[in-house]
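> Need a 3D model of the following:
(2 chains)
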Amino acid sequence: MIEIKNLHAAVDGMPILKGLDLTIASGEVHAIMGPNGAGKSTLSYVLSGREGYQVTDGTVAFKGQNLLELEPEQRAAAGLFLAFQYPVEIPGVTNMTFLKHALNSVRIQRGAAELDAMEFLKLVRAKTKELGMSDDMLKRAVNIGFSGGEKKRNEILQMAVLEPTFAVLDETDSGLDIDALKIVAEGVNALRCRERSMLVITHYQRLLDYIVPDHVHVLAAGRIVTSGDKELALHLEEEGYAAFAERAAA
Amino acid sequence: MPDLIPISSPGAAPADWLAGWRTGPAATASETPEWLQSARSAAAGNFERMGLPSRRVEDWRYTSLASLAEQNLDWSPPSVDVTRESLPALVFGREADCRLVLVNGEVRPNLSSIPNLGDGVVLTSLSNALGEDDDRVLRFLRQRLAEDGSSLKILNDSWLLDGYVLIVPDDTTIDMPIEILSVGTGGVRPPAYQPRNLVIAGRRSHVTIVEYHIGLCIGSYFANIVTDIDVGPEAIVRHCKVQDESKEAIHLALYSARLDSSAQLDSFSFTLGSRISRNELRVRLEGLGAYCRLNGAYLVRENQHCDHTSVVSHASPETSSDQLYKGVLDGQASGVYQGKVVVHADAQKVEAHQMSRALLLSETSEVSTKPELKIHADDVQCSHGATAGELDAEALFYLRSRGIPEIRARQLLVEAFLNEAIDAVALAGMRLPLEQNVVRWMAERSGP
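Residues are numbered from 1 along each chain as shown, chains lettered A, B, ... in the order given. The predicted structure is shown next:
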């Protein structure tokens, strides 16, 4: 699905990622854990094509395509989705309008027909129902006045509507209490399937109690320093990043 | 001898303008009543003394009329033969039930369609109303002619010939919007025209006016428009203006309104056109509990200059005013918002709010904002604010990360920005066409 090789990236000339390798197969859920400043969010922005993140070396192949030469919207059309750590508020654009433009833009780029207003409404209502969300959220401006939990659920709704093949969840647990976390995790789990891979980026192990990964990687100082199964996350939680990083550096 | 310019006459009255007046119909028409002829002559004399406003006048600090003074204007342009077919049947997607058409400031009954608007309702030309000696018109006009004003108001006084007149009697509601279509035409020399419009809304009357200002040419012309509005007790006047003049036009419009007790004025202006434009609103909230809402949205680019100026005087207690202006500027365009709020000494429990927001799409566009509060009462709530900025890069990336192409994402954000002002337009049927114009304007942009 996605193959990241020797990825180096810098922000404002400062190297952040320093030779990251990661391969995720179809249907797999991988988790990346790491201390603050390890480069977790940089990885998510490099993958989604945000301006200001310069790739200085390495390659990212996504379903055989060179991901790095695509515009952000082309990456979305190719099947990449980033659930933002801090979903952006957009005054004056309703969630409904936003979702409709997003879905139809992606459909056009994928060579599918646009949905008309009725078809779209039917689809989006079905998705909100699946995720246990109220239709009211569709009428409100994008993320304006949303609670932390609502914002994250809104990200999951977008994911459900756009049906990506590879989703990056950037610190989806941040700012959520345990109840909100469970709801969001349920939403994510509902979207797990054989055709869809996920990369869950998190600082804390607790999210992985709810979204159980197939593989866990530890990111420190811009590289993956160790990989394992879900047990690795538990060890990491007990030991702490500092001790772990020390051992990794040794 | 040094070139001294006294403070009292900061600009110069172009000599050819005065010559244009002396030989034009405003000075030479024979059938004019004497009071009017002497009022025009006095105004012409005053204009000669005052001159064109220069940027040294505080009110005109951000808008230069230097390029106007240099134009070889035609002050008495020949009547242009405009046909019904040449007028847009649907302005902004709406078929008009009631439409009064002005060409170069002159009402054209043959192009207008005015149905019966109800007992006592008058919608006609000023020249016609003057000819019929309509007492309400004469009284109102004489009063307004006697008032001071900027030299452009005085210039308009001196040229008082025609315009539209709308009189809504007491307790009368006109359901259909009154559409005023003002057409500017080019000429060998740029025509200059100065309509004077009067709106008198009686006690407890309701009326909606939709004004379109368009150009039937790509060339230049100069419109100096003055509209006097009188809103009677408990009356509601809604005014929606769309200014899409020719790209070379100079459009200066002054709306001077007086509101009686519990009267409401709801004004929205939408600006797309003109090389230089100014929309100036002077509102006196004279009666207890009067309210005005002044909103505007503008989209300008290339070398366009767009000025919104307002002066709201709270002369009575419990009066309130809200202002929201939103602009999008591209290319080398410049925008101005200057809003003055005056609260008189005994006008307690007044609320006045103003906000100006500008979105700069290019590094070479600019906006100047000047709020001014003069408060002489103590129990008042006033606020003002101004912002100017670029499109939110975070929002843009967010939209693109969801598959929305960059150009479309920019359009969506600009539409959303202006919709806050457009959503407030009281006439629901106007919103969609206004929004469509925003979409069209954005689609015409070449670059990001």
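> In three-state terms, how would the residue in chain A that chain B sits nearest to be classified?
Ranked by C-beta to the nearest C-beta, the top residue of chain A for proximity to chain B is A:Gly92, at 2.9 Å. Where you see a C-beta, it was placed from the backbone N, CA and C, and this is true even at glycine. What DSSP: H, G, I helix; E, B strand; the rest coil gives for A:Gly92 is strand.
> Kindly report the residues of chain A close to chain B.
A:48-51, A:71-73, A:75-77, A:81-82, A:84, A:87-93, A:97-98, A:101-103, A:105-106, A:109, A:158, A:162 (C-beta under 8 Å from any C-beta of the partner chain).
> so what's the residue of chain A closest to chain B scoring on pLDDT?
A:Gly92 is assigned 89 on the pLDDT scale.
> so who does it touch?
Listed by C-beta atoms under 8 Å, 6 or more residues apart in numbering or on different chains, the contact set of A:Gly92 reads A:141, B:415-417, B:419-420.
> B:Ile167 versus the residue nearest to it when sequence neighbours are not counted, what's the distance?
Nearest residue to A:Gly92, sequence neighbours excluded (C-beta to C-beta, 6 or more residues apart in numbering or on different chains): B:Ala416, at 2.9 Å. From B:Ala416 across to B:Ile167, the span is 40 Å (C-beta to C-beta, to the nearest Å).
> just A:Val46 next, same as before
68 Å.
> what about the closest residue to A:Arg107 other than its chain neighbours, distance to A:Leu103?
Counting by C-beta to C-beta, 6+ apart, A:Arg107 lies nearest to A:Glu114, which is 5.9 Å off, once chain neighbours are set aside. Note on A:Glu114: its distance to A:Leu103, by C-beta to C-beta, is 9 Å.
> again, but for A:Ser197
Distance from A:Ser197 to A:Leu103, by C-beta to C-beta: 21 Å.
> So for the helix or strand A:Leu234 falls within, mean pLDDT?
In the assignment (DSSP states H and E), A:Leu234 maps to helix A:230-239. Across helix A:230-239, pLDDT averages out at 85.
> Same check on stretch B:255-268?
98.
> Contact distance from chain A - what residues of chain B qualify?
B:392-395, B:397-406, B:408-409, B:412-413, B:415-417, B:419-420.
> hmm, which of those are the buried ones?
B:392, B:395, B:397-405, B:408-409, B:412-413, B:415-417, B:419-420 (16 or more other C-beta atoms under 10 Å in any protein chain shown).
> Take those residues and keep only those in helices.
B:395, B:397-401, B:408-409, B:412-413, B:415-417, B:419-420 (DSSP state H).
> Most widely separated two among these?
Maximum pairwise distance in those, criterion C-beta to C-beta, is 24.5 Å, between B:Ser401 and B:Glu420.
> Can you give me the neighbour number for the closest residue to A:Gly27 other than its chain neighbours?
Distances taken as C-beta to C-beta, 6+ apart place A:Arg194 nearest to A:Gly27, at 4.2 Å, with adjacent residues excluded. By the measure other C-beta atoms under 10 Å in any protein chain shown, the count of residues near A:Arg194 is 8.
> Tell me which of A:Val46 and B:Ile167 has more neighbours.
Higher neighbour count among A:Val46 and B:Ile167: A:Val46, with 26 against 23, using other C-beta under 10 Å.
> who's in contact with the more buried one?
A:7, A:9, A:17, A:53, A:55, A:60, A:68.
> Output the residues you listed in JSON lines, with secondary structure appended to each entry.
What follows is those, written out as JSON lines (three-state DSSP):
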{"residue": "A:Leu7", "secondary structure": "strand"}
{"residue": "A:Ala9", "secondary structure": "strand"}
{"residue": "A:Leu17", "secondary structure": "strand"}
{"residue": "A:Tyr53", "secondary structure": "strand"}
{"residue": "A:Val55", "secondary structure": "strand"}
{"residue": "A:Val60", "secondary structure": "strand"}
{"residue": "A:Leu68", "secondary structure": "helix"}
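> possible to save those as TSV with neighbour count and distance to B:Arg238?
Listed next are the contacts of A:Val46 as TSV, based on neighbours: other C-beta atoms under 10 Å in any protein chain shown; distance: C-beta to C-beta, whole Å:
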residue	neighbour count	distance to B:Arg238
A:Leu7	25	60
A:Ala9	23	56
A:Leu17	27	58
A:Tyr53	20	50
A:Val55	16	56
A:Val60	21	57
A:Leu68	17	54
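> Can you add pLDDT and give the residues you listed back as TSV?
TSV is the format used below for these (pLDDT from 0 to 100):
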residue	pLDDT
A:Leu7	97
A:Ala9	97
A:Leu17	96
A:Tyr53	96
A:Val55	96
A:Val60	97
A:Leu68	97
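> So what does B:Gln194 look like in phi/psi?
Note on B:Gln194: backbone dihedrals following degrees, to the nearest 10 are phi -140, psi 80.
> My understanding was that it contacts B:Ala223; is that so?
Yes. When contacts are counted by C-beta atoms under 8 Å, B:Gln194 is listed as touching B:Ala223 (7.5 Å).
> got any residues that touch both of these two?
Shared contacts of B:Gln194 and B:Ala223, defined by C-beta under 8 Å, 6+ apart, comprise B:Gly105.
> Can you find the helix or strand in chain A with the smallest mean pLDDT?
The helix or strand of chain A with the lowest confidence, counting by mean pLDDT, DSSP states H and E, is helix A:241-249 at a mean of 70.
> give me the element the residue nearest to A:Arg107 is part of.
A:Glu114 belongs to no helix or strand, assigned by DSSP H and E.
> my guess is it meets A:Asn104, correct?
Yes. Between A:Glu114 and A:Asn104 there is a contact at 4.4 Å, judged by C-beta under 8 Å.
> For the two, indicate the residue with more neighbours.
Between A:Glu114 and A:Asn104, A:Asn104 has the larger neighbour count (other C-beta under 10 Å), namely 19 against 12.
> quick one: the helix or strand where that one lies to helix B:393-401, angle?
Taking DSSP H and E as the criterion, A:Asn104 maps to helix A:95-109. Computed by axes from the mean of the first three to the mean of the last three C-alpha atoms, to 10 degrees, the angle separating helix A:95-109 from helix B:393-401 equals 50 degrees.
> Model confidence score at whichever residue of the stretch 101-250 of chain B sits closest to chain A, please.
Of all residues in the stretch 101-250 of chain B, the one sitting closest to chain A is B:Cys240 (20.2 Å; C-beta to the nearest C-beta). On pLDDT, B:Cys240 comes in at 95.
> next SSE after whatever helix or strand it lives in?
Using DSSP H and E, B:Cys240 maps to strand B:236-244. Next helix or strand after strand B:236-244 toward the C-terminus (DSSP H and E): strand B:250-259.
> one step back: and the helix holding A:Leu234, which residues are buried?
A:230, A:232-233, A:236.
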